[in-house]
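Student: generate coordinates for the sequence data below:
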Amino acid sequence: MDKFQEHLANYQIHVKDDMEKRIAFIREQIDGNGLGGVVVGISGGIDSAVTAALCVRALGRERVIGVWIPAYSQAVHAEDSQRLAEAIGLNLHTVDVGPAFDALVPAIEGVLALGDKTKGNTKARLRMTVLYAIANQKGYLVADTCNRSEIHVGYMTKGGDGLADFNPVASLTKHEIRILAAELGVPESIIAKAPSADLWEGQTDEQEMGFTYEDLDRLLITGETRPEAKERIDYLHRISEHKRNLMPGI
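Tutor: Coordinates of the predicted model:
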């Protein structure tokens, strides 16, 4: 067993303690500030599933609003979102932003043509608009769902899933998220699914990043990984620094 595997085995032993720590953090953010509850964007993926499950355990189902926000999304993600809701007792609602996307993109393309990546990021920003509209109306906070691995390389959309009020999973790597997901009763179909931001058909995180989550998590946990992966990870970390910092001003 190498250092990476030892770390994960140790996390498995202490996962219940870590879960309770995160639940207490959520309560502090909501109850400590006299707020009513939380809104969580549900993608059908593991990070939003873990975030939602933690919020439900912290606050109870009546104070957590889950929102599935498709924009020409794959059916498997809709199905997994529903499976999650049933498994953890989540109040799940659907807001389809496909029509808004269809209206907005041609208007922007009156200025300049948009590539697939920019269109995908626009979907992410529309989704966050929905979450903040609901949170605004209810007096709730929006929970971020980005994990440590994604944050390190900036694998999030600025103004989209990289924008929220608090983050109960920010210090967890993708491999740790999987362990916690099992502890929280997240459906196996979500845990085992290839991670995807659902920005365009067939898109996966690892394909877009150019390395695996094991490459990335090994570097974060042990400081070592494949040399070619490290070069790419270090590059993405460097050029995404603006996503992790507050807006500069003078």
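
Student: distance check, the residue sitting nearest the centre point of the chain against residue 1.
Tutor: Per CA atoms, centre = their mean, the C-alpha nearest to the average position across the chain is that of residue 145, at 3.2 Å. With distances taken as CB to CB, to the nearest Å, residue 145 is found 30 Å from residue 1. From N, CA and C alone the C-beta is placed, and that goes for glycine too.

Student: now for this structure, the helix or strand with the poorest mean pLDDT.
Tutor: Least confident helix or strand, the chain: helix 205-209 with a mean of 87, by mean pLDDT, DSSP states H and E.

Student: need the next SSE after that helix, C-terminal direction.
Tutor: helix 213-222 (DSSP states H and E).

Student: buried residues, the helix or strand following that next one. List them.
Tutor: Tracing the chain past helix 213-222, the next element assigned as helix or strand by DSSP H and E is helix 227-239. Residues 229-230, 232-233, 236-237 are the ones in helix 227-239 that count as buried (16 or more other CB atoms under 10 Å).

Student: in TSV: these, plus pLDDT.
Tutor: Shown next, in TSV, are the buried residues of helix 227-239 (pLDDT from 0 to 100):
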residue	pLDDT
229	96
230	97
232	97
233	97
236	97
237	98
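
Student: could you list the low-pLDDT ranges of the protein?
Tutor: 200 (pLDDT under 70).

Student: which residues in the chain form helices?
Tutor: Assigned helices in the chain, in chain order: 3-30, 46-59, 75-88, 98-108, 116-138, 148-153, 174-184, 188-192, 205-209, 213-222, 227-239, 241-244 (criterion: DSSP state H).

Student: could you identify which of the ones you listed is most buried?
Tutor: Comparing the helices of the chain by mean neighbour count (mean count of other CB atoms under 10 Å), helix 46-59 ranks first with a mean of 25.

Student: tilt between that one and helix 174-184?
Tutor: 40 degrees (axes from the mean of the first three to the mean of the last three CA atoms, to 10 degrees).

Student: export helix 46-59 as CSV, just CAs?
Tutor: The C-alpha trace of helix 46-59 is given here as CSV (Å, rounded to 0.1, in the frame of the first residue of the first chain):
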residue,chain,number,x,y,z
ILE,A,46,-21.3,12.9,-7.0
ASP,A,47,-20.2,16.3,-5.7
SER,A,48,-23.7,17.8,-5.7
ALA,A,49,-25.1,14.5,-4.3
VAL,A,50,-22.7,14.6,-1.3
THR,A,51,-23.3,18.4,-0.8
ALA,A,52,-27.1,17.8,-0.8
ALA,A,53,-26.9,14.8,1.5
LEU,A,54,-24.8,16.7,4.0
CYS,A,55,-27.3,19.6,3.9
VAL,A,56,-30.3,17.4,4.5
ARG,A,57,-28.6,15.7,7.4
ALA,A,58,-27.6,19.1,8.8
LEU,A,59,-30.9,21.0,8.4
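
Student: begin at 2 from now on, thanks
Tutor: Sounds good: first residue 2 from here, last item helix 47-60.

Student: and it, what does it pack onto?
Tutor: If you count contacts as 3 or more CB pairs under 8 Å, 6 or more residues apart in numbering; DSSP states H and E, helix 47-60 packs onto helix 4-31, strand 39-43, strand 65-69, helix 76-89, helix 175-185, helix 189-193.

Student: mind putting those into a markdown table with distance to residue 213?
Tutor: Output for the helices and strands packed on helix 47-60, formatted as a markdown table (distance: least, CB to CB, whole Å):
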| stretch | distance to residue 213 |
| --- | --- |
| helix 4-31 | 12 |
| strand 39-43 | 25 |
| strand 65-69 | 27 |
| helix 76-89 | 21 |
| helix 175-185 | 10 |
| helix 189-193 | 15 |
